[in-house]
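Trainee: Predicted structure and sequence below. I'll ask about it afterward.
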Amino acid sequence: MLNQIVLVGKIDSIEVSEKDDGFKFLNLVLRVDRPYKNKNGEYEIDYIGCFVSGNISNATLEYCKKDDIVGIKGRVQNRKCDDATLEIKYLLEVVVDKITVLSSTGK
């Protein structure tokens, strides 16, 4: 079986998080335009959550910023989480194995 995904899009946001044991990771949101227009003649956008950890997270913080166009290779993961209403929900996210800056905004 194969679980692999490749995405190209703009970074919408990067958020640094840390667990109690000191493990740092990033929650990155990637904006990906759909390749077709809707009935109103507009391109719709998907916002895809990505989980970045380890050395990749350090490099991402150093070289990537909002609105940079990046290529991401990784796998899809389903994670169970509780929200404020204590209802269990499932979150689908991309666990990043590799990120490549394709175009930088230069800011």
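Mentor: Arrived safely. Note that the coordinates shown come from a computational prediction; the quantities given were computed from them, not determined experimentally.
Trainee: what about this structure, any weak spots by pLDDT?
Mentor: 83, 106-107 (pLDDT under 70).
Trainee: Just the CA trace of the lengthiest strand in it, in PDB.
Mentor: Longest strand in the chain by number of residues (criterion: DSSP state E): strand 88-103. Output of strand 88-103 as PDB, limited to C-alpha atoms (Å, rounded to 0.1, in the frame of the first residue of the first chain):
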ATOM      1  CA  ILE A  88     -14.000  13.700  19.500                       C
ATOM      2  CA  LYS A  89     -13.200  14.800  15.900                       C
ATOM      3  CA  TYR A  90     -10.800  13.500  13.300                       C
ATOM      4  CA  LEU A  91      -8.200  15.800  11.700                       C
ATOM      5  CA  LEU A  92      -6.700  15.000   8.300                       C
ATOM      6  CA  GLU A  93      -3.200  16.500   7.800                       C
ATOM      7  CA  VAL A  94      -0.100  16.000   5.800                       C
ATOM      8  CA  VAL A  95       3.000  14.800   7.700                       C
ATOM      9  CA  VAL A  96       5.900  16.500   5.800                       C
ATOM     10  CA  ASP A  97       8.900  14.400   4.800                       C
ATOM     11  CA  LYS A  98      10.500  17.100   2.500                       C
ATOM     12  CA  ILE A  99       9.800  20.800   1.700                       C
ATOM     13  CA  THR A 100      11.400  22.700  -1.100                       C
ATOM     14  CA  VAL A 101      11.200  26.500  -1.700                       C
ATOM     15  CA  LEU A 102      10.200  27.100  -5.300                       C
ATOM     16  CA  SER A 103       9.700  30.800  -5.200                       C
END
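Trainee: That strand pairs with which strands?
Mentor: Sheet partners assigned to strand 88-103 using DSSP bridges are listed as strand 43-53 (parallel), strand 69-82 (antiparallel).
Trainee: Can you say which of those is nearest to Gln4?
Mentor: strand 69-82 (6.0 Å; CB to CB). Yep, even glycine has a C-beta here, placed from its N, CA and C like the rest.
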